[in-house]
Each structure stands twice: as C-alpha cells, then as structure tokens.
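Chemist: no letters, just coordinates:
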C-alpha cells in the first residue's frame, strides 16, 4: 500500500481509494470505497457553500444575487465522523490497531468550525459593504 501512495504528491480524499490495492486489501478497499461514497454525498453541501462563499469568492454570491443554504453543525459533524471512520479502517488494517481520529477536537469540534466560518462571513459582509457591493 505504501508504494502505491507515494505516486500522489497530495493525497486527496478523491484519490484515497485508488491508493489501496484491492488485491492485497480487498476488505479495506471495499470499506473505504463505501465510506468515500458516503463522504462525497455528505460533503456536497459543504463544498457548494465553500465554493460560492469562501474559497472562490463568487461575484454573484458576494453581491447577494445567489444564495446557498448555510452549512449546519450536523452536516459538518457527519463528514468529520465519516472521515474518522475511513482513517480508523486504514489504521486497523495497516497498524492492527484503531486510533480515535478526532482532528477537530484538538482545535474545537464541528460547532467551533461553524462558528469560525460564521465569523469569516461577518468579516466578508463588512468588506462588501465597505466596497459598496
């Protein structure tokens, strides 16, 4: 598995399944494949919101001409749990142990992440008003 993953300079969620050899790790490949599909579905609303309001600063979104439903705590938490399940499945197969992957709890949970995003939106709104948008 390690050799297959070195070819990827940046391990993205969409490529994670390809890094697992289904011949050597059939159960893991199937489990991770199912969890990746679940994660893709769960993260779709988050990504749409990110693309329009955070990362790409969509002009129509900045002008208030397009609205996308806000991301909820539950949506963020669901994605975090699914990603943790993926990492735990890999860790269990490779290391023969399961680690509680809870990256966000080091900095705060999904509720904290949503709070930070809301603060960012407030700053963006002040900037829009200052520019007359």
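Modeler: Looks like it arrived, so ask away. Computed from a predicted model, the values in this text were never measured in an experiment.
Chemist: when you work out contacts or count neighbours from here on, use the C-alpha atoms and nothing else.
Modeler: OK.
Chemist: by mean pLDDT, which helix or strand of this structure comes out lowest?
Modeler: Scoring the helices and strands of the chain by mean pLDDT, DSSP states H and E places helix 2-5 at the bottom, with a mean of 53.
Chemist: which residues does the helix or strand following that helix contact?
Modeler: Later in the chain than helix 2-5, the nearest helix or strand by DSSP states H and E is helix 13-16. Residues outside helix 13-16 that contact it (C-alpha atoms under 8 Å, 6 or more residues apart in numbering): residue 36.
Chemist: and residue 32, how many neighbours?
Modeler: Neighbourhood size, residue 32 [other C-alpha atoms under 10 Å]: 24.
Chemist: for it, give me the pLDDT.
Modeler: Residue 32 carries a pLDDT value of 93.
Chemist: just the buried residues of the strand or helix carrying it, please?
Modeler: Element membership of residue 32 [criterion: DSSP H and E] is helix 26-49. Neighbour-count burial for helix 26-49 flags 28, 29, 32, 33, 35, 36, 39, 42, 43, 45, 46, 49 (criterion: 16 or more other C-alpha atoms under 10 Å).
Chemist: Serialize those residues to a markdown table and add fields for distance to residue 14.
Modeler: What follows is the buried residues of helix 26-49, written out as a markdown table (distance: C-alpha to C-alpha, whole Å):
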| residue | distance to residue 14 |
| --- | --- |
| 28 | 16 |
| 29 | 13 |
| 32 | 11 |
| 33 | 10 |
| 35 | 11 |
| 36 | 8 |
| 39 | 10 |
| 42 | 13 |
| 43 | 12 |
| 45 | 16 |
| 46 | 15 |
| 49 | 19 |
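Chemist: so which one of those residues is the model least confident about?
Modeler: For those, the pLDDT minimum is residue 49, 81.
Chemist: done for today, thanks.
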